[in-house]
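S.K.: Structure, please.
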Amino acid sequence: MPADLSIDRGAPADLEACVGLWLVALEARDGFAPSDGTADRCRGKFELPIVSWRVLRGDDGEVQGFGLVTGPGTGRPQDPADAAYLSLLAVAPAAQGSGRGSALLNALLGDARAAGHPAAVLHALPDNTAAMRLYLSRGWTPVGEEFAHPLFGRPTVTLAITLR
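M.R.: Predicted structure coming up:
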(Lines give C-alpha, C1' and ligand atoms only; values in the text may rest on other atoms or scores of the structure.)
Protein backbone atom coordinates (compact mmCIF):
# COMPACT_ATOMS: atom_id res chain seq x y z
CA MET A 1 0.00 0.00 0.00
CA PRO A 2 1.40 3.42 -0.90
CA ALA A 3 2.82 5.52 1.94
CA ASP A 4 0.48 8.43 1.16
CA LEU A 5 -2.51 6.40 2.37
CA SER A 6 -3.79 5.67 5.86
CA ILE A 7 -6.34 3.27 7.27
CA ASP A 8 -8.35 4.94 10.01
CA ARG A 9 -11.39 4.04 12.05
CA GLY A 10 -14.60 5.13 10.36
CA ALA A 11 -16.72 7.89 11.89
CA PRO A 12 -20.25 9.21 11.29
CA ALA A 13 -18.81 12.01 9.13
CA ASP A 14 -17.49 9.31 6.73
CA LEU A 15 -20.85 7.62 6.15
CA GLU A 16 -21.98 9.40 2.98
CA ALA A 17 -18.51 9.19 1.40
CA CYS A 18 -18.54 5.43 2.05
CA VAL A 19 -22.06 5.01 0.63
CA GLY A 20 -21.07 7.06 -2.44
CA LEU A 21 -17.94 4.97 -2.96
CA TRP A 22 -20.00 1.78 -2.61
CA LEU A 23 -22.34 2.93 -5.40
CA VAL A 24 -19.43 3.93 -7.67
CA ALA A 25 -17.67 0.60 -7.07
CA LEU A 26 -20.84 -1.37 -7.82
CA GLU A 27 -21.42 0.55 -11.05
CA ALA A 28 -17.82 -0.08 -12.14
CA ARG A 29 -18.15 -3.78 -11.31
CA ASP A 30 -21.54 -4.31 -12.95
CA GLY A 31 -21.40 -1.84 -15.84
CA PHE A 32 -24.67 -0.17 -14.88
CA ALA A 33 -26.06 1.96 -12.05
CA PRO A 34 -27.01 0.10 -8.87
CA SER A 35 -30.68 -0.70 -8.37
CA ASP A 36 -33.02 1.46 -6.36
CA GLY A 37 -32.63 0.78 -2.67
CA THR A 38 -28.91 0.01 -2.83
CA ALA A 39 -27.83 3.22 -1.07
CA ASP A 40 -30.40 2.78 1.69
CA ARG A 41 -29.43 -0.87 2.13
CA CYS A 42 -25.79 0.19 2.42
CA ARG A 43 -26.61 2.90 5.00
CA GLY A 44 -28.64 0.40 6.99
CA LYS A 45 -25.62 -1.82 7.49
CA PHE A 46 -23.98 0.99 9.50
CA GLU A 47 -26.92 0.86 11.94
CA LEU A 48 -26.09 -2.73 12.93
CA PRO A 49 -23.70 -3.60 15.79
CA ILE A 50 -20.28 -2.65 14.39
CA VAL A 51 -17.21 -4.79 15.06
CA SER A 52 -14.94 -2.75 12.77
CA TRP A 53 -15.35 0.14 10.35
CA ARG A 54 -12.16 1.13 8.57
CA VAL A 55 -11.65 3.91 6.04
CA LEU A 56 -8.74 4.14 3.60
CA ARG A 57 -7.78 7.77 3.02
CA GLY A 58 -5.43 9.48 0.64
CA ASP A 59 -3.12 12.21 1.91
CA ASP A 60 -5.86 14.67 0.90
CA GLY A 61 -8.23 13.00 3.39
CA GLU A 62 -10.53 11.67 0.67
CA VAL A 63 -12.03 8.22 1.19
CA GLN A 64 -10.48 5.80 -1.31
CA GLY A 65 -11.81 2.63 0.26
CA PHE A 66 -13.63 1.30 3.28
CA GLY A 67 -14.78 -1.86 4.97
CA LEU A 68 -17.42 -2.72 7.55
CA VAL A 69 -17.62 -5.77 9.81
CA THR A 70 -20.79 -6.22 11.84
CA GLY A 71 -21.61 -8.59 14.66
CA PRO A 72 -22.62 -12.24 14.45
CA GLY A 73 -26.17 -12.73 13.24
CA THR A 74 -26.22 -9.60 11.06
CA GLY A 75 -25.77 -11.43 7.75
CA ARG A 76 -28.07 -14.29 6.79
CA PRO A 77 -29.77 -16.70 9.20
CA GLN A 78 -27.81 -19.55 7.57
CA ASP A 79 -24.42 -17.97 8.41
CA PRO A 80 -22.30 -19.56 11.15
CA ALA A 81 -23.78 -18.26 14.42
CA ASP A 82 -20.46 -17.15 15.96
CA ALA A 83 -19.00 -15.44 12.87
CA ALA A 84 -18.56 -11.69 12.50
CA TYR A 85 -19.96 -10.53 9.16
CA LEU A 86 -17.87 -8.68 6.56
CA SER A 87 -20.81 -6.59 5.37
CA LEU A 88 -19.04 -4.22 2.97
CA LEU A 89 -15.61 -3.86 1.39
CA ALA A 90 -14.93 -1.41 -1.44
CA VAL A 91 -11.99 0.37 -3.03
CA ALA A 92 -12.25 3.19 -5.56
CA PRO A 93 -12.28 1.58 -9.03
CA ALA A 94 -9.13 3.43 -10.17
CA ALA A 95 -7.23 2.06 -7.15
CA GLN A 96 -8.35 -1.57 -7.37
CA GLY A 97 -5.65 -4.19 -7.79
CA SER A 98 -3.07 -2.15 -5.88
CA GLY A 99 -3.19 -3.94 -2.52
CA ARG A 100 -5.57 -1.47 -0.90
CA GLY A 101 -8.39 -4.00 -0.53
CA SER A 102 -5.99 -6.50 0.99
CA ALA A 103 -4.73 -3.88 3.47
CA LEU A 104 -8.30 -3.00 4.46
CA LEU A 105 -9.14 -6.68 4.84
CA ASN A 106 -6.12 -7.17 7.13
CA ALA A 107 -7.20 -4.28 9.35
CA LEU A 108 -10.83 -5.43 9.51
CA LEU A 109 -10.00 -9.05 10.32
CA GLY A 110 -7.43 -7.92 12.89
CA ASP A 111 -10.13 -5.90 14.62
CA ALA A 112 -12.58 -8.82 14.54
CA ARG A 113 -9.92 -11.15 15.95
CA ALA A 114 -9.02 -8.63 18.68
CA ALA A 115 -12.72 -8.38 19.59
CA GLY A 116 -12.72 -12.14 20.22
CA HIS A 117 -14.62 -13.37 17.18
CA PRO A 118 -13.51 -16.89 16.22
CA ALA A 119 -14.54 -16.58 12.57
CA ALA A 120 -15.79 -14.21 9.91
CA VAL A 121 -18.23 -14.70 7.06
CA LEU A 122 -19.03 -12.75 3.89
CA HIS A 123 -21.30 -12.98 0.86
CA ALA A 124 -19.85 -12.50 -2.62
CA LEU A 125 -20.88 -12.78 -6.24
CA PRO A 126 -18.97 -15.68 -7.83
CA ASP A 127 -18.62 -13.69 -11.06
CA ASN A 128 -16.83 -10.89 -9.19
CA THR A 129 -13.50 -12.49 -10.04
CA ALA A 130 -11.31 -9.83 -8.42
CA ALA A 131 -13.09 -10.12 -5.08
CA MET A 132 -13.19 -13.92 -5.22
CA ARG A 133 -9.48 -14.04 -6.06
CA LEU A 134 -8.70 -11.81 -3.05
CA TYR A 135 -10.81 -13.78 -0.60
CA LEU A 136 -9.77 -17.25 -1.75
CA SER A 137 -6.08 -16.28 -1.77
CA ARG A 138 -6.45 -15.14 1.85
CA GLY A 139 -7.89 -18.45 3.07
CA TRP A 140 -11.64 -17.84 2.88
CA THR A 141 -13.55 -21.01 2.00
CA PRO A 142 -17.06 -21.57 0.60
CA VAL A 143 -19.71 -22.70 3.10
CA GLY A 144 -23.38 -23.51 2.64
CA GLU A 145 -25.51 -23.26 -0.46
CA GLU A 146 -25.50 -20.62 -3.18
CA PHE A 147 -28.43 -18.18 -2.86
CA ALA A 148 -30.03 -15.35 -4.82
CA HIS A 149 -28.85 -11.85 -3.94
CA PRO A 150 -31.72 -10.07 -2.13
CA LEU A 151 -31.70 -6.95 -4.35
CA PHE A 152 -31.10 -8.29 -7.84
CA GLY A 153 -31.28 -12.08 -7.68
CA ARG A 154 -27.76 -12.83 -8.89
CA PRO A 155 -26.11 -16.00 -7.59
CA THR A 156 -24.27 -15.31 -4.32
CA VAL A 157 -21.95 -17.49 -2.24
CA THR A 158 -21.00 -17.47 1.42
CA LEU A 159 -17.31 -17.59 2.35
CA ALA A 160 -15.89 -18.05 5.85
CA ILE A 161 -12.51 -17.81 7.54
CA THR A 162 -11.24 -18.86 10.95
CA LEU A 163 -9.72 -15.99 12.93
CA ARG A 164 -8.07 -17.87 15.78
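S.K.: And the contacts of stretch 152-162?
M.R.: 35, 75-76, 78-80, 83, 109, 118-127, 135-136, 138-144, 146-149 (Cβ atoms under 8 Å, 6 or more residues apart in numbering). Heads up, the C-betas are built off the backbone N, CA and C, glycines and all.
S.K.: Which of the residues you listed are buried, as a ChimeraX select command?
M.R.: Buried subset of the contacts of stretch 152-162, written as a ChimeraX selection, criterion 16 or more other Cβ atoms under 10 Å:
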select :75,79,80,83,109,119,120,121,122,123,124,125,135,140,143
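S.K.: Could you pick out which of the contacts of stretch 152-162 are located in strands?
M.R.: Judged by DSSP state E, these include 83, 119-124, 141-144, 146-148 as members of strands.
S.K.: so which two of these are the farthest from each other?
M.R.: The distance between the two most remote of the ones in strands among the contacts of stretch 152-162 (Cβ to Cβ) is 24.0 Å, for A119 and A148.
S.K.: pLDDT weak spots in the protein?
M.R.: The model of the chain has pLDDT under 70 over residues 1-3.
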